[in-house]
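Engineer: Have a look at this prediction, sequence included:
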Amino acid sequence: MLGNVVTGTSVLAPAGMLGELSSGLDVTIRGAALLITFGAIVLCIGSPLMAWLTSRMERRTLLAATVAVLAATNAASAFAPDYASLLVIRLIMLAIGALYTPQAAGTAGLIAPLEKRGSTIAYVFLGWSLAAAIGVPLVTFMASRYGWRAVYGGIGGIGFVSFILLAWRLPVGLFGAPVDLKTWADVGRNPMIGLLLLITTLEMSGQMLLYTFMGPLLSKLTQASPNAIGLVFAIFGVLSFIGIVIATRIVDVWGAYRTSFLFTVLMLTGIAGWAFGAGIYVLMACSVAVWGLAFAATNSMQQVRLVGAAPELASASVALNTSVIYVGQAIGSAIGGALFARDLFYEAGYVSAAFIALALMLVILTSRFSRA
């Protein structure tokens, strides 16, 4: 779970300090946001590829080594002399880091008893919620006071702690099912898996369209100060943490489908509230709170549903789910950048809501295939 904190913060950090990166590296806000877009492209390719290349590796070695690379590359980012160097370091960081989240979910499935598999996978994914709840607000706070280099150094330090703990405490001798070409073919023939992956793509595209530019949008629409922007990120993160705790508690009783439906409705409610309340800081902050409840919970439920839909294909399907999360990040941040560059600040919320509404329709459709 702590490794997912490091991974999530590494992926999301630029969103919390776009202004500082823009001024410090002498690029536009949209140019700074390309750190997220290009990184997401590497992640979406790297996740299934790394799952295939590393599927036969012992899990403690694999996870500890991955976090060690994340720690080292974050530390190196603190000393990047220019934008091009930072981008190259980030792409290396995320090419390796792509494997952590799916392999951590698979490892949790190996450790947990069958009746606790859903809540355990959701707990491991809690790290991403903590990255949003604590990591990104701290990024915003530190970057505004100490600069973006201090942020990368701090993430590198936390990554080193995570590496030590994984190497020390994770059980030895854990091996998942090998991923081969037949596995990918079986995944491709499973309609439930296909629908779930499409839902993940739509949900993440809609969310990252706003989340990537949440700070600059709040500044443009409400003239919010850095502290006020940091508060909204904190609200989002804290409610994201609360949401996944609730999801973890109810999923074993409600089932993953009903839990997923609930939180997708909350996501749509929050983002629609942002769209209708754009320009009014209090309304936007309250909408972010509702949206935050669903952010990590829906992602974790997608992982649980994929494992439940085809347990024998979980290593591949969860890796693909992580991959399409990053596809969604790339799509969303690219669309958000295009809208931001054209001063379409109000329209962004409505475009985001359209993505989530379509995702909700597909969630309802999956109930016909399975209750996984």
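Structural biologist: Right, received. Where do you want to start?
Engineer: What helix or strand is the nearest residue to residue 354 once chain neighbours are set aside located in?
Structural biologist: Spatial nearest neighbour of residue 354, excluding adjacent residues (C-beta to C-beta, 6 or more residues apart in numbering): residue 206 at 7.4 Å. All C-beta atoms are positioned from the backbone trio N, CA, C, and that covers glycine. Assigning secondary structure by DSSP states H and E places residue 206 in helix 191-211.
Engineer: Poorly predicted segments of the stretch 1-150 of the chain, please.
Structural biologist: Low-confidence regions of the stretch 1-150 of the chain, defined here as pLDDT under 70, cover residues 47-48, 51-52, 55, 118.
Engineer: For the one helix or strand residue 321 maps to, buried residues please.
Structural biologist: Here residue 321 sits within helix 314-341, counting by DSSP H and E. Neighbour counts using 16 or more other C-beta atoms under 10 Å place 314-337, 339-340 of helix 314-341 among the buried residues.
Engineer: so what's residue 292 scoring on pLDDT?
Structural biologist: Listed pLDDT for residue 292 reads 92.
Engineer: what sits against it?
Structural biologist: By C-beta atoms under 8 Å, 6 or more residues apart in numbering, residue 292 lies in contact with 132, 235-240, 243, 270.
Engineer: Distance of the residue lying closest to it once chain neighbours are set aside relative to residue 59?
Structural biologist: Spatially, and ignoring its direct neighbours in sequence, residue 292 is nearest to residue 239 (3.4 Å; C-beta to C-beta, 6+ apart). The gap separating residue 239 from residue 59 is 32 Å, by C-beta to C-beta, to the nearest Å.
Engineer: Same question for residue 74.
Structural biologist: Applying C-beta to C-beta, the value for residue 74 to residue 59 is 22 Å.
Engineer: Which one's more surrounded, these two?
Structural biologist: For residue 74 versus residue 59, neighbours defined as other C-beta atoms under 10 Å are more numerous around residue 74 (27 against 22).
Engineer: need the contact list for that one.
Structural biologist: Neighbouring residues of residue 74 by C-beta under 8 Å, 6+ apart: 10, 93, 152-153, 155-156, 159.
Engineer: again, but for residue 272
Structural biologist: With contacts taken as C-beta under 8 Å, 6+ apart, residue 272 has the following neighbours: 287, 349, 353.
Engineer: Tell me how far the second one lies from residue 288.
Structural biologist: Read that as residue 349. With the distance defined as C-beta to C-beta, residue 349 ends up 11 Å from residue 288.
Engineer: What of residue 27?
Structural biologist: Taking C-beta to C-beta as the criterion, residue 27 is separated from residue 288 by 27 Å.
Engineer: mind checking pLDDT for residue 160?
Structural biologist: According to the model, residue 160 carries a pLDDT of 96.
Engineer: Might you report the residue contacts of residue 14?
Structural biologist: 21, 32-33, 35-36, 39.
Engineer: quick one: which of those residues is nearest to residue 274?
Structural biologist: Using C-beta to C-beta, residue 33 is the member of the contacts of residue 14 that lies nearest residue 274, at 18.3 Å.
Engineer: Apart from its neighbours in sequence, what residue is nearest the closest one?
Structural biologist: residue 337 (5.2 Å).
Engineer: gap between the one you found and residue 214?
Structural biologist: Here residue 337 is placed at a distance of 13 Å from residue 214 (C-beta to C-beta).
Engineer: Could you do residue 333 as well?
Structural biologist: Between residue 333 and residue 214 the distance, using C-beta to C-beta, works out to 12 Å.
Engineer: packing partners for the helix holding residue 321?
Structural biologist: Counting by 3 or more C-beta pairs under 8 Å, 6 or more residues apart in numbering; DSSP states H and E, the packing neighbours recorded for helix 314-341 are helix 29-54, helix 100-111, helix 181-188, helix 191-211, helix 281-309, helix 347-366.
Engineer: Of all those helices, which one is nearest residue 69?
Structural biologist: When the helices and strands packed on helix 314-341 are compared for distance to residue 69 using C-beta to C-beta, the nearest one is helix 100-111, at 9.4 Å.
Engineer: can you pull the contacts of residue 27?
Structural biologist: Contacts of residue 27 were listed using C-beta under 8 Å, 6+ apart, and they are 21, 83.
Engineer: For the contacts of residue 74, work out which two are farthest apart.
Structural biologist: The most widely separated members of the contacts of residue 74 are 93 and 153, with 14.0 Å between them, by C-beta to C-beta.
Engineer: When these two are compared, which one has more neighbours?
Structural biologist: Each of residue 93 and residue 153 has its neighbours counted (other C-beta under 10 Å); residue 93 has more, 25 against 18.
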